[in-house]
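J.: Curious how this folds, go ahead:
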Amino acid sequence: MPLTLDLGTEDLTRCRFAISPLCQTHEALRLLRRPARHGYHRGWLRRVRRTVAALDLSPLWLFIPPPGGYTPDFLGPPPDEPYPSIEDELARMRATDPALAHAEMARSLACTPGLATSPEGRAALDDPAATVRRLADLTERAWHALLAPDWPRHRAVLEGDIAHRSRQAADGGLDALLTGLHPGIGWAGHTLTLRMYGEVADAQRADGRGVLLMPSVFVWPDVVSGFARPWQPTVIYPARGMGRLHDSGPPSPSQALARLLGHHRAALLTGLTTPASTTELAARHGLAPSTVSAHLSVLREAGLLVSRRAGLHVLYGRTGLGEDLIRGSGAG
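T.: Model (predicted):
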């Protein structure tokens, strides 16, 4: 039987999105150990191979069991706010109740026969508070080494996914949103079904807090929903557009579009395959932010772009008219 979440009225009104740098970091670490997830990230894996070797991640590997095993939820708990900073999330992780950490670590170690009674397993469980601090410090180093340099691009893909799915919900309601998340997720009769999971006795249940939806660039082809009580029910799914994350540069506009709009405006419009901020577009196209801002304003006034605020950033994305113009010109 698949894992099911029966959503009541309160749950349906409290479904929300979030972007978690901490969860992204731990999904990246899980990807390192799971070849089935490597497909879209082989270039990134080659680039970070030496960095990973220098980090000595062995204390974290204890708690990242093979697929189907349990990873302690306190390593990347569902955030309470939509756009938490990595600093706030690490502080929250370091403040984990030692009793909760001990219970989750013991459950994780039990997934691998003999690991809980190994010297490393016993040491981790004997002093859970110290283990939490050690794991948080190592996670912080992993964040700075593996994700921080590329985080603006990661965040743009994740924010673009949320913008797209928010439009789906606005156009077709919650049904349109939940049915389009992933082929492994079903939605019918107020029941969210996760086909990649088996039903277990201690599975998380919807309890009026709603379901937290988090896009990720690292979970494909999986869906993650292993959070146990007391954490909020959460679904981590592959972000739309994640396949373009490691592209070397923006696509070139067609000559026809460049003649119509001018090269820079055509390049900006063509390059907006997922919503992005002025700062990101300036770095991507090698232009001054003020120049990009002026071009975006013209494109928006022409009905080719729409803007929306996401946390501290304003994201620009193509409208239906903008998409039609790109397709008609043969660009992108």
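
J.: Could you check the pLDDT of residue 231?
T.: We have a pLDDT of 85 for residue 231.

J.: If you could redo that for residue 75, that was the one I meant.
T.: At residue 75, pLDDT is 93.

J.: and it, what does it touch?
T.: 22, 26, 60, 63, 93, 135, 139 (C-beta atoms under 8 Å, 6 or more residues apart in numbering). Any C-beta I mention is one placed from the backbone N, CA and C, and that applies to glycine too.

J.: Out of those, which is nearest to residue 74?
T.: For these, the minimum distance to residue 74 (C-beta to C-beta) is 6.3 Å, reached by residue 93.

J.: just checking, that closest one touches residue 139?
T.: Yes - between residue 93 and residue 139 there is a contact under C-beta atoms under 8 Å: 7.1 Å.

J.: Compare neighbour counts for those two and give me the winner.
T.: Taking other C-beta atoms under 10 Å, residue 93 and residue 139 do not tie; residue 139 has more neighbours (24 against 20).

J.: Phi first, then psi, for the more buried one.
T.: phi -60, psi -40 (degrees, to the nearest 10).

J.: Next up, the contacts around it.
T.: Counted by C-beta under 8 Å, 6+ apart, residue 139 has contacts 22, 25-26, 60, 75, 90, 93.

J.: Produce a PyMOL select command limited to the buried residues of these.
T.: Buried subset of the contacts of residue 139, written as a PyMOL selection, criterion 16 or more other C-beta atoms under 10 Å:
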select buried, resi 22+25+26+60+75+90+93
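
J.: Neighbours of the nearest residue to residue 84 once chain neighbours are set aside, how many?
T.: Leaving out its chain neighbours, the residue that sits closest to residue 84 by C-beta to C-beta, 6 or more residues apart in numbering is residue 20, at 6.3 Å. When neighbours are defined as other C-beta under 10 Å, residue 20 has 25 of them.

J.: same question, residue 118
T.: Residues near residue 118, counting by other C-beta under 10 Å: 13.

J.: Kindly report the same for residue 166.
T.: Neighbours of residue 166 (other C-beta under 10 Å): 14.

J.: And residue 76, by the same measure?
T.: Counted with other C-beta under 10 Å, residue 76 comes out at 26.

J.: Now it: phi and psi?
T.: phi -150, psi 70.

J.: one step back: for the contacts of residue 75, work out which two are farthest apart.
T.: Pairwise over the contacts of residue 75, using C-beta to C-beta, the maximum falls at 22 and 63, 14.4 Å.

J.: What mean pLDDT does stretch 81-90 get?
T.: 94.

J.: now stretch 3-23, how far from the chain's geometric center?
T.: Between the centre of stretch 3-23 and the centre of its chain there are 14 Å (C-alpha atoms, centre = their mean, to the nearest Å).

J.: can you give me the end-to-end distance of it?
T.: 21 Å (C-alpha to C-alpha, to the nearest Å).

J.: Stretch 116-134 too?
T.: Using C-alpha to C-alpha, the two ends of stretch 116-134 sit 18 Å apart.

J.: Can you show me the strands along the stretch 1-150 of the chain?
T.: 2-6, 16-17 (DSSP state E, counting those that start in this stretch).

J.: then stretch 225-245 to PDB, C-alphas only?
T.: Extracted in PDB, the C-alpha atoms of stretch 225-245 (Å, rounded to 0.1, in the frame of the first residue of the first chain):
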ATOM      1  CA  SER A 225       8.200  12.500   2.500                       C
ATOM      2  CA  GLY A 226       9.900  10.800   5.400                       C
ATOM      3  CA  PHE A 227       9.300  13.400   8.100                       C
ATOM      4  CA  ALA A 228       7.900  11.800  11.300                       C
ATOM      5  CA  ARG A 229       6.200  13.400  14.300                       C
ATOM      6  CA  PRO A 230       6.500  16.100  15.600                       C
ATOM      7  CA  TRP A 231       7.500  17.700  12.200                       C
ATOM      8  CA  GLN A 232       4.900  19.200   9.800                       C
ATOM      9  CA  PRO A 233       3.900  16.800   7.000                       C
ATOM     10  CA  THR A 234       6.100  17.700   4.100                       C
ATOM     11  CA  VAL A 235       6.600  16.700   0.500                       C
ATOM     12  CA  ILE A 236       9.900  17.400  -1.300                       C
ATOM     13  CA  TYR A 237       9.600  17.100  -5.000                       C
ATOM     14  CA  PRO A 238      11.800  17.700  -8.100                       C
ATOM     15  CA  ALA A 239      11.800  21.400  -9.100                       C
ATOM     16  CA  ARG A 240      10.600  22.300 -12.600                       C
ATOM     17  CA  GLY A 241      13.600  23.600 -14.600                       C
ATOM     18  CA  MET A 242      16.200  21.700 -12.500                       C
ATOM     19  CA  GLY A 243      17.600  20.100 -15.700                       C
ATOM     20  CA  ARG A 244      18.800  23.600 -16.800                       C
ATOM     21  CA  LEU A 245      20.500  24.400 -13.500                       C
END
